[in-house]
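Student: here is my input; please provide its structure:
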Amino acid sequence: MKKICLTVIGLYILFLNAFSQSSNDSSTYKSKPLRLDEVDIVSSYYKQDGNHSAVTGGIGTEKVTDLSNGIELKFVAWDKTQHKHTLLAGLGLDHHTSASAAYVSKTGASKTDGSRIYPSLDWTVENEKKGSSFGIGSYYSTEYNYKSIGADIHFSQKTKNRNGEFSAKAQAYFDKVTMIYPSEFIPPSVTTVTPSGTIIVTTASGRTTTLTTGGTTTSKGGEKHLPTSPRNTFTGSLSYSQIVNKRLQLAFMLDVVGQNGYLGLPFHRVYFSNGKDTIENLPSSRFKIPIGFRLNYFMGDKIIVRTYYRYYMDDWGITSHTASLEVPIKITPFFSISPFYRYYQQTAAKYFAPYGMHNANEQYYTSNYSLAAFQSNFFGMGFRIAPPKGVFGWQNLNSLEMRYGHYSQTTDLVSDVISFELKFK
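Tutor: Sure thing, here's the model as predicted:
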């Protein structure tokens, strides 16, 4: 992690030096020190239910609750060349419970809840005169069964008339997944561990699965713990936004995503058509391409129509379509509502099959319904107040926003989420 952070800092200093060439008259400007400009506090509660848990092979409870809290601090400064520096420092904390996690161990000894902590840091310098910006970001996330670090570099350039803007971003995430097996796969089910860390898992039914994780095995409680296994994700993003006229704005987005490493979870069971069982096994690489389009139309001073469409494909055989519509309506100068709706449809991955439907001769297999074919609907309403004297008369509390959404999937998964956002300026 230290090597990555030092590399990111070094790249930032290198680019900043090239980016911040000052003009001859820069001495007439005075720098402004870094100051706190804005504080965002977000809190949400999420609850879902369903009956296709991957932990039990595509059947069983999917009950999950999650309480999420996050804070982001925005600091702003100007240097002697009148370049704007923005520092975003964020910290998030999630606490969730999952009913299906209890079935990782058939003894009932599995961990059923956990917390995730994820700080982030982003620094951007903007040359307002040239309409360009450059920045770097770093991320860290930790939970009981995984750790992740990440970094990004981003750049943007506006057109000469300032009506268009091109943006590019490169991201990398390096994850370590703790290999936790279901209780029935504890020794002697794990029959061989090679010096290089290749582990051959043999179930009671005689099915063998070979996994590469590195290191040696350890045991804890009623679960089988193996060394952490790497999972890397690399993303390149391009976007272009255009102000067509006073009422119409367009944006185009393209992402290219590559993943490698252990891309499944060892406590996801699979049951074959012959009655035998094992754990899911997926390819060690995945390539994704999402393409998106956004259109915003201002219908006078009180109504905005926001539309979005995305097409997605990957080399696991999944294609999907996402379409969403949100219509913010200003009821008063200080109060607005935002009804929204999102439709999603995807095909199944070529490695997916429901409970008891996989052939025992297949190389890759999973019964995780996130890789199944389904359609979903998500709709709800947002409320926002931003009085000039501050919310509840508190001048620094700039706005308060609340959103509620209901989600339903054709696999019988349903969920509800409610969130609150407080913005201080």
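
Student: so where's the stretch 201-350 of the chain uncertain?
Tutor: In the predicted model of the stretch 201-350 of the chain, residues 201-227 satisfy pLDDT under 70.

Student: oh, that last question was meant for the stretch 51-200 of the chain, not what I typed.
Tutor: Across the stretch 51-200 of the chain, residues meeting the criterion (pLDDT under 70) sit at 106-113, 186-200.

Student: where along it do the strands fall?
Tutor: Assigned by DSSP state E, counting those that start in this stretch, the strands in the stretch 51-200 of the chain fall at 64-78, 84-98, 113-127, 132-143, 146-158, 164-181, 190-193, 198-202.

Student: ditto for the stretch 251-400 of the chain
Tutor: So, for the stretch 251-400 of the chain - with DSSP E, counting those that start in this stretch - the strands run 269-271, 277-279, 285-299, 303-314, 319-326, 329-332, 335-346, 374-385, 397-409.

Student: please identify the deepest-packed of those strands.
Tutor: Most buried of these, by mean neighbour count (mean count of other C-beta atoms under 10 Å): strand 269-271, with a mean of 25. The C-beta positions use only the backbone N, C-alpha and C, and glycine is treated the same way.

Student: run the chain-centre distance for stretch 280-291.
Tutor: Relative to the chain's own centre, stretch 280-291 is displaced by 16 Å; criterion: C-alpha atoms, centre = their mean, to the nearest Å.

Student: name the surrounding residues that touch it.
Tutor: The contact list for stretch 280-291 (C-beta atoms under 8 Å, 6 or more residues apart in numbering) reads 54, 209, 211-212, 253-266, 268-270, 310-316, 351, 363-368.

Student: which of those residues count as buried?
Tutor: Listed as buried from the contacts of stretch 280-291 are 54, 209, 211, 253, 255, 257, 259, 261-266, 268-270, 310, 312, 314, 316, 351, 365-368; burial here means 16 or more other C-beta atoms under 10 Å.

Student: before we move on, the earlier item: now the strands of the stretch 251-400 of the chain as TSV including distance to residue 66?
Tutor: Formatted as TSV, those follow (distance: least, C-beta to C-beta, whole Å):
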stretch	distance to residue 66
strand 269-271	23
strand 277-279	25
strand 285-299	24
strand 303-314	24
strand 319-326	22
strand 329-332	30
strand 335-346	19
strand 374-385	16
strand 397-409	13
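
Student: and those strands: which comes nearest residue 127?
Tutor: strand 285-299 (25.5 Å; C-beta to C-beta).

Student: what angle do the closest one and strand 303-314 make?
Tutor: Per axes from the mean of the first three to the mean of the last three C-alpha atoms, to 10 degrees, the angle that strand 285-299 makes with strand 303-314 is 170 degrees.

Student: separation between the nearest residue to residue 400 once chain neighbours are set aside and residue 334?
Tutor: In space, and not counting its chain neighbours, residue 400 is closest to residue 391: 4.7 Å by C-beta to C-beta, 6 or more residues apart in numbering. Here residue 391 is placed at a distance of 10 Å from residue 334 (C-beta to C-beta, to the nearest Å).

Student: what about the two, which has more around it?
Tutor: residue 391 (18 against 14; other C-beta atoms under 10 Å).

Student: OK, contacts around that one?
Tutor: Going by C-beta under 8 Å, 6+ apart, residue 391 touches 385, 397-400, 422.

Student: how about the longest strand along the chain as PDB, C-alpha atoms only?
Tutor: Taking DSSP state E as the criterion, the chain has its longest strand at strand 223-243. C-alpha atoms of strand 223-243 as PDB (Å, rounded to 0.1, in the frame of the first residue of the first chain):
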ATOM      1  CA  GLU A 223     -15.000 -22.700   8.900                       C
ATOM      2  CA  LYS A 224     -12.000 -23.400   6.700                       C
ATOM      3  CA  HIS A 225      -9.800 -20.400   6.300                       C
ATOM      4  CA  LEU A 226      -7.200 -20.200   3.500                       C
ATOM      5  CA  PRO A 227      -4.700 -17.400   2.700                       C
ATOM      6  CA  THR A 228      -6.000 -14.300   1.100                       C
ATOM      7  CA  SER A 229      -6.300 -14.500  -2.700                       C
ATOM      8  CA  PRO A 230      -5.700 -11.500  -5.000                       C
ATOM      9  CA  ARG A 231      -8.400  -9.900  -7.100                       C
ATOM     10  CA  ASN A 232      -7.300  -7.000  -9.300                       C
ATOM     11  CA  THR A 233      -9.500  -4.600 -11.200                       C
ATOM     12  CA  PHE A 234      -8.300  -2.000 -13.800                       C
ATOM     13  CA  THR A 235     -10.700   0.500 -15.400                       C
ATOM     14  CA  GLY A 236     -10.300   3.100 -18.100                       C
ATOM     15  CA  SER A 237     -13.100   5.700 -18.400                       C
ATOM     16  CA  LEU A 238     -13.800   8.300 -21.100                       C
ATOM     17  CA  SER A 239     -16.600  10.800 -21.200                       C
ATOM     18  CA  TYR A 240     -17.700  13.800 -23.200                       C
ATOM     19  CA  SER A 241     -20.400  16.300 -22.100                       C
ATOM     20  CA  GLN A 242     -21.900  19.000 -24.200                       C
ATOM     21  CA  ILE A 243     -24.200  22.000 -23.600                       C
END
